[in-house]
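Trainee: The sequence and its predicted three-dimensional model are supplied below.
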Amino acid sequence: MQAAVQQLFKWMPFLFGIGFIAPLIAQTMAYWDIAAPFGMSRIAFGLLIGAPWGLYAVLRGRWV
Amino acid sequence: MSDRPIGEEPVLSRDSAELETCAPEADTPAIPLAAEDELDRHVRRDLRRQELAIAKQFMGGTMWPYVVAAWGGFALWLSLFPLTMLGIMPLPIAFVISCILATGGYVTSHEAMHSNIAQKGSKYRWINEWVGQVSTIPIVFPFSMARLMHLEHHYHCNDPLRDPDYPDEAPNALMAWYKTWYNRQPGVDGSIHAYKRILREMGTPEAERSLKETMVLQLVFMAVLFTMAWTGYAIEAALVWWLPRHIGLSYIRFYLSWAPHHPREGRTGRYENTYIFKSRLGHVLSMCMETHLIHHLYPNIPNHRTRAAYFALKPILAARGVDVSKL
């Protein structure tokens, strides 16, 4: 149980990228009426940014 | 516990006899100040007696405003979620309110950490505990962790290995603001990450409980953010909880940790581990931290009375070698 929780927290930045940053990007774009590039949906564009960014934070230990 | 600061546990009991007994024992700072060197033992004891007599006049007092602020603030903070989601309150206003509540919550929680609202054994103790419990929820910082780590900070103030707040040290104000953010990064051993490590090292039942509560609160925080975000309320979640939490944590770290204790290196003595300073934002907006030294000397003097206590104690502090030129 403890190991599972530790793994969950280790991967939390990645989950945060998918669970929060992606929809935040999509909804912010919708608020400002900005279309996603290449015919993508806004949420797909958000996931394209949020997931790799979260993964980067997991691997590097920093968001920037 | 020999390096425990005077005014921590013994004073928590507000037992004057205990206070008088313990006071001279911890009189010697770890690194003597210049003025202290010039004072003989009898002068120091006499100064301590005078100091205690004055300090006692400022201990306790009216504490119910802290209770109202904590509980009312928490209720207001909770109400921001439905108010913004239903479009009743404009988001910019909710954001400003949430930033103020997230930051100010630490002040009310801080009084509870030192049992200044109700002592252990008091029939009103539950009020003290619930003020602490709700105050720091907006910054996702459980009261049990906050209290344990804050008391460790008092016991080992400015000790690079044992003071949990030592990672906040920075060479200047700009770097200090940067570190408030940097220390929260997932792979950096600062802020709550350092607290978790210290709690694991402590290994006491209280530390274990604190770690569990931290885990639960962090998971609840994430669950709320994810749920709100994927149901169309990501901006509301960001401006009511996520961003105010970060702003509050940075503000708290800067004004409650860096500003009153910088520079930290080698300054572990009773009269030198905290500084009197003049804040550009004034006494209230710096959360009364200009006179944080008084809090470290006597934690049972409530935050709002440290300024008056400082001016009453100023001549004695000057005789002790404290730099009182700033205020």
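Mentor: Great, that's in hand. Numbering: from 1, shown residues only, chains lettered A, B, ... in the order given.
Trainee: As a check, name the ranges of all strands in chain A.
Mentor: With DSSP state E as the definition, chain A shows no strands.
Trainee: who touches the residue nearest to residue B:296 when sequence neighbours are not counted in this structure?
Mentor: Once flanking residues are discounted, residue B:296 sits nearest to residue B:274: 4.6 Å by Cβ to Cβ, 6 or more residues apart in numbering or on different chains. To be clear about C-beta, it is placed using only N, CA and C from the backbone, and glycine gets the same treatment. Residue B:274 is in contact with B:157, B:260-261, B:292-293, B:295-296, counting by Cβ atoms under 8 Å, 6 or more residues apart in numbering or on different chains.
Trainee: how about a cut-off of 10 Å?
Mentor: Applying Cβ atoms under 10 Å, 6 or more residues apart in numbering or on different chains to residue B:274 gives the contacts B:5, B:157-158, B:260-261, B:264, B:267, B:289, B:291-297, B:322.
Trainee: Please list the members of those that lie in helices.
Mentor: Counting by DSSP state H, these place B:260-261, B:292-297 in helices.
Trainee: shaky segments in the stretch 51-200 of chain B?
Mentor: Nowhere does the stretch 51-200 of chain B drop to pLDDT under 70.
Trainee: Would you pull up the residue in it closest to chain A?
Mentor: Proximity of the stretch 51-200 of chain B to chain A (Cβ to the nearest Cβ) peaks at residue B:187, 1.7 Å away.
Trainee: Could you find the closest non-adjacent residue to that residue?
Mentor: In space, residue B:187 is closest to residue A:61, 1.7 Å off (Cβ to Cβ, 6+ apart).
Trainee: Burial check on that neighbour, number of neighbours?
Mentor: 14 (other Cβ atoms under 10 Å in any protein chain shown).
Trainee: What's the per-residue pLDDT of it here?
Mentor: pLDDT for residue A:61: 96.
Trainee: Need phi/psi at it.
Mentor: Phi and psi for residue A:61, reported as degrees, to the nearest 10, are phi 80, psi 10.
Trainee: which residues sit in contact with it?
Mentor: Per Cβ under 10 Å, 6+ apart, neighbours of residue A:61: A:13, B:185-189, B:193.
Trainee: Check residue B:241 too.
Mentor: Contacts of residue B:241 (Cβ under 10 Å, 6+ apart): B:77, B:80-81, B:98, B:102, B:137-140, B:221, B:224-225, B:228.
Trainee: Scan the residues you listed and report the most crowded one.
Mentor: residue B:102 (29 neighbours).
Trainee: Which of the helices or strands spans that residue?
Mentor: helix B:91-113 (DSSP states H and E).
Trainee: What residues of that helix count as buried?
Mentor: The neighbour-count check on helix B:91-113 (16 or more other Cβ atoms under 10 Å in any protein chain shown) flags B:91, B:94-95, B:97-113 as buried.
Trainee: Following the chain onward from it, which element is next?
Mentor: helix B:125-135.
Trainee: In terms of secondary structure, what does that next one contact?
Mentor: For helix B:125-135, the elements it packs on are helix B:64-85, helix B:91-113, helix B:143-155, judged by 3 or more Cβ pairs under 10 Å, 6 or more residues apart in numbering or on different chains; DSSP states H and E.
Trainee: got CSV for those, with distance to chain A too?
Mentor: As requested, these are exported to CSV (distance: least, Cβ to the nearest Cβ, whole Å):
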stretch, distance to chain A
helix B:64-85, 13
helix B:91-113, 10
helix B:143-155, 15
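Trainee: can I assume residue B:185 is in contact with residue B:194?
Mentor: No - contact status for residue B:185 versus residue B:194: not in contact, 11.9 Å apart, counting by Cβ atoms under 10 Å.
Trainee: Quick check: phi and psi on residue B:137?
Mentor: phi -60, psi -40.
Trainee: Excluding chain neighbours, what is closest to residue B:137?
Mentor: residue B:74 (6.8 Å).
Trainee: Lowest average confidence across helices and strands, show me which element that is in chain A.
Mentor: helix A:2-10 (a mean of 91; mean pLDDT, DSSP states H and E).
Trainee: Right, I'll leave it there.
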